[in-house]
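> Here's a sequence, model it:
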Amino acid sequence: MLKKIIQLKSLPPNSDSGLLILRLTTITPLFLKHGIEKIFTFSQMAAHFPDPLHIGPVPSLVFAMVSDSICTLLMILGLATRWAAAIVFVNVFVAWALVHHFEFFGHAADHGELIVLYLGVTLTLFLSGPGRYSLDARNS
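Residues are numbered from 1 along each chain as shown. Here you go, the predicted model:
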């Protein structure tokens, strides 16, 4: 019995299950931390939000809010996943490049590894799609 549990024979390898777990475990925290924060503190954030593309702090915040709230929810559900992943990737990459200046090591890079993980996950979901356990799969 213990040998079967260790061998994981009852759990077949399945990339669709892996993509579901990837979406749920990495994108949900992005929504909970950054998406909800931007929705409920929009007016406070608008006055001092970074403007890396020089379009104004409010349009920059609106794009980040759409990315971190709407697009993350779409990825969690697996709906329009590739488009949503592309938008989140662009948002996170612009923030890392133009606001955080590609910081990864040292005290100033307090979130560098997390940013790289978000970039990797969104790129993976853009390239692979959400898998069978998604609303995208039900629509096709």
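
> Going along the chain, name the helices of the protein.
With helices called from DSSP state H, the chain shows them at 2-7, 15-22, 28-30, 36-40, 42-46, 57-65, 72-77, 81-94, 112-128, 135-139.

> Mind checking the ones you listed for the one nearest to Phe104?
Phe104 lies closest to helix 112-128 among the helices of the chain, at 3.8 Å (C-beta to C-beta). Placement of C-beta: from N, CA and C, glycine included.

> Mind listing what's buried along the closest one?
Judged by neighbour count (16 or more other C-beta atoms under 10 Å), helix 112-128 contains these buried residues: 112, 115, 118, 121-122, 124-126, 128.

> What of stretch 70-88?
Neighbour counts over stretch 70-88 (16+ other C-beta under 10 Å) mark 70-72, 74-81, 84-88 as buried.

> Closest to Thr28 out of those residues?
Ile76 (5.9 Å).

> what's the distance between the closest one and Gly18?
To Gly18, Ile76 is 15 Å away according to C-beta to C-beta, to the nearest Å.
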